[in-house]
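A.B. asks: below is the structure, and that's it, no one-letter string:
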């Protein structure tokens, strides 16, 4: 997105030189203020939740925390820009502050640098989920805590690369003329589109598409394995039950004991006598009633297929929950950023863009909303985050005495 969030007039590629300076649009300023305040509160809560407990400081949560911190910083800048606009663009006589304001503030370079950092951090998150799902054996070696911290540092320094180029190509400062901000050259705008939007979206789309396919296959495998385990358990129980029935029936058909006397000698004999179906059924039910409960066969645990241990199962569930949550974050990013990015891309190719039209205003609103929407996604889909927030709410209620 070019550094033109709040503009006026309808502009084409032929009148860039006469393009006016930013003008305040009250609806966008109000949206920017509300979204900024929501983003500050929501992203601060995310940072607190994931940093409060050491058990939650894994690689994925570290990247989520960095994402929340970036969005918190961006939300703060949004609010400060609203204050700057409403106060009438105040100037200062301090030389260093004038330089800082010219190169980083007036053209919103610092704000758009934070947007770029947020985008590239989300790109790293998609790669982290890709390796964790597709190449789990290599994941531990690549995404070590040390490598991840270094990656985060690189993200903060390298992501705003095009903002550095914008500062060099569009801003001039001198004591005589003050701050002179020029229109962004078309080639810079195209590179900006490719670096801050198109390249990250390609990487994120490939990573999350691969992850989604793998999760779908895993769900099918787990579903089939669950069906096989159920069938095996039922088969084992049926076999053991049939064995008991056979033993009981055999004992019923063993016969009766009889004796006879020959002279002074009495002889006992065990004779197998034929039984009717009715008598055999009565005998079997009689033995069932006299069988103690402890003797009732139970399905053998060994009959089930190699089911994972409970701890491993819970870990896999948490990982899958985190992956689906971040997949939702990616989709929301695409929805929020695509209209504005493609609009400015076609502007730099020579097309028109009405800065007073509803499309432009809605596209800017979506971009701003992206800074505060992630905490709501975590609250709806991320189980660890939801449980921790509920725990904090209960703790606060106990503190203030609310039942």
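C.D. replies: That came through, no problem. From a predicted model like this one, the values you see are computed outputs, not experimental measurements.

A.B. asks: can you pull out the helices in the protein?
C.D. replies: 26-52, 59-86, 95-100, 109-134, 136-142, 145-158, 161-170, 186-193, 199-252, 277-290, 310-348, 358-369, 374-381, 383-400 (DSSP state H).

A.B. asks: of all these, which one is nearest residue 180?
C.D. replies: Closest to residue 180 of the helices of the chain, according to C-beta to C-beta: helix 161-170, at 9.1 Å. In short, each C-beta sits where N, CA and C put it, glycine included.

A.B. asks: ok so, going back, would you mind saying which of the helices of the chain lies nearest residue 176?
C.D. replies: Nearest of these to residue 176, taken as C-beta to C-beta: helix 95-100 at 12.7 Å.

A.B. asks: and the closest one, what's buried?
C.D. replies: Neighbour counts over helix 95-100 (16 or more other C-beta atoms under 10 Å) mark residue 98 as buried.

A.B. asks: cool, and stretch 168-178?
C.D. replies: Within stretch 168-178, judged by 16+ other C-beta under 10 Å, the buried ones are 170, 171.

A.B. asks: quick one: mean pLDDT for it?
C.D. replies: Computed over stretch 168-178, the mean pLDDT rounds to 85.

A.B. asks: residue 50 contacts residue 67, correct?
C.D. replies: No - counting by C-beta atoms under 8 Å, residue 50 does not reach residue 67; the two are 10.2 Å apart.

A.B. asks: on that earlier part again, by mean pLDDT, show me the worst of the helices of the chain.
C.D. replies: Within these, confidence is poorest for helix 277-290, with a mean of 50 (mean pLDDT).

A.B. asks: chain neighbours aside, what residue packs nearest to residue 204?
C.D. replies: Spatially, and ignoring its direct neighbours in sequence, residue 204 is nearest to residue 126 (4.3 Å; C-beta to C-beta, 6 or more residues apart in numbering).

A.B. asks: do residue 74 as well
C.D. replies: Nearest non-adjacent residue to residue 74 (C-beta to C-beta, 6+ apart): residue 114, at 4.3 Å.

A.B. asks: next one: the one you found relative to residue 51, how far apart?
C.D. replies: Counting by C-beta to C-beta, to the nearest Å, the gap from residue 114 to residue 51 is 20 Å.

A.B. asks: before we move on, the earlier item: so what's the residue nearest to residue 204 up against?
C.D. replies: 203, 204, 207, 208, 326, 330 (C-beta atoms under 8 Å, 6 or more residues apart in numbering).

A.B. asks: with residue 366 instead?
C.D. replies: Going by C-beta under 8 Å, 6+ apart, residue 366 touches 335, 336, 337, 339, 340.

A.B. asks: distance to residue 132 and neighbour count added to those, as CSV?
C.D. replies: As requested, the contacts of residue 366 are exported to CSV (distance: C-beta to C-beta, whole Å; neighbours: other C-beta atoms under 10 Å):
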residue, distance to residue 132, neighbour count
335, 25, 13
336, 25, 19
337, 25, 21
339, 31, 16
340, 31, 22
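
A.B. asks: count of residues packed around the closest residue in space to residue 67 that isn't next to it in sequence?
C.D. replies: Closest residue in space to residue 67, ignoring its immediate chain neighbours: residue 121 at 5.1 Å, by C-beta to C-beta, 6+ apart. Applying other C-beta atoms under 10 Å, we find 24 residues neighbouring residue 121.

A.B. asks: I figured residue 121 hits residue 66, correct?
C.D. replies: Yes - counting by C-beta under 8 Å, residue 121 touches residue 66, with 5.6 Å between them.

A.B. asks: any idea how far the nearest residue to residue 189 once chain neighbours are set aside is from residue 130?
C.D. replies: Nearest residue to residue 189 in three dimensions, chain neighbours excluded: residue 348, at 3.6 Å (C-beta to C-beta, 6+ apart). Residue 348 is 31 Å from residue 130, where distance means C-beta to C-beta.

A.B. asks: next: residue 70.
C.D. replies: Counting by C-beta to C-beta, the gap from residue 70 to residue 130 is 21 Å.

A.B. asks: may I ask which two of the contacts of residue 366 are separated the most?
C.D. replies: Of all pairs in the contacts of residue 366, the most separated under C-beta to C-beta is 335 and 340 at 11.1 Å.

A.B. asks: give me every residue that touches residue 114.
C.D. replies: By C-beta under 8 Å, 6+ apart, residue 114 lies in contact with 70, 73, 74, 77.

A.B. asks: 10 Å instead, please
C.D. replies: Going by C-beta atoms under 10 Å, 6 or more residues apart in numbering, residue 114 touches 70-78, 108, 156, 159-160, 163, 371.

A.B. asks: now flag whichever of those residues is closest to residue 30.
C.D. replies: Sorting these by distance to residue 30 puts residue 78 at the head of the list, at 11.7 Å, by C-beta to C-beta.

A.B. asks: could you count how many residues lie near that closest one?
C.D. replies: Summarising burial for residue 78: neighbours were counted as other C-beta under 10 Å, giving 26.

A.B. asks: next one: residue 60
C.D. replies: By other C-beta under 10 Å, neighbour count at residue 60 equals 21.

A.B. asks: my guess is it meets residue 319, correct?
C.D. replies: Yes - contact status for residue 60 versus residue 319: in contact at 7.8 Å, counting by C-beta atoms under 10 Å.

A.B. asks: list residues touching both of those two?
C.D. replies: Joint contacts of residue 60 and residue 319 (C-beta under 10 Å, 6+ apart) are 129, 132.

A.B. asks: tell me the contacts of the spatially closest residue to residue 68 that is not a sequence neighbour?
C.D. replies: Distance criterion C-beta to C-beta, 6+ apart; nearest residue to residue 68, sequence neighbours excluded, is residue 46 at 3.8 Å. Neighbouring residues of residue 46 by C-beta under 10 Å, 6+ apart: 61, 64-65, 67-69, 71-72, 374-375, 378-379, 382, 385, 388-389.

A.B. asks: which of those are buried?
C.D. replies: 61, 64-65, 67-69, 71-72, 374-375, 378, 382, 385, 388-389.
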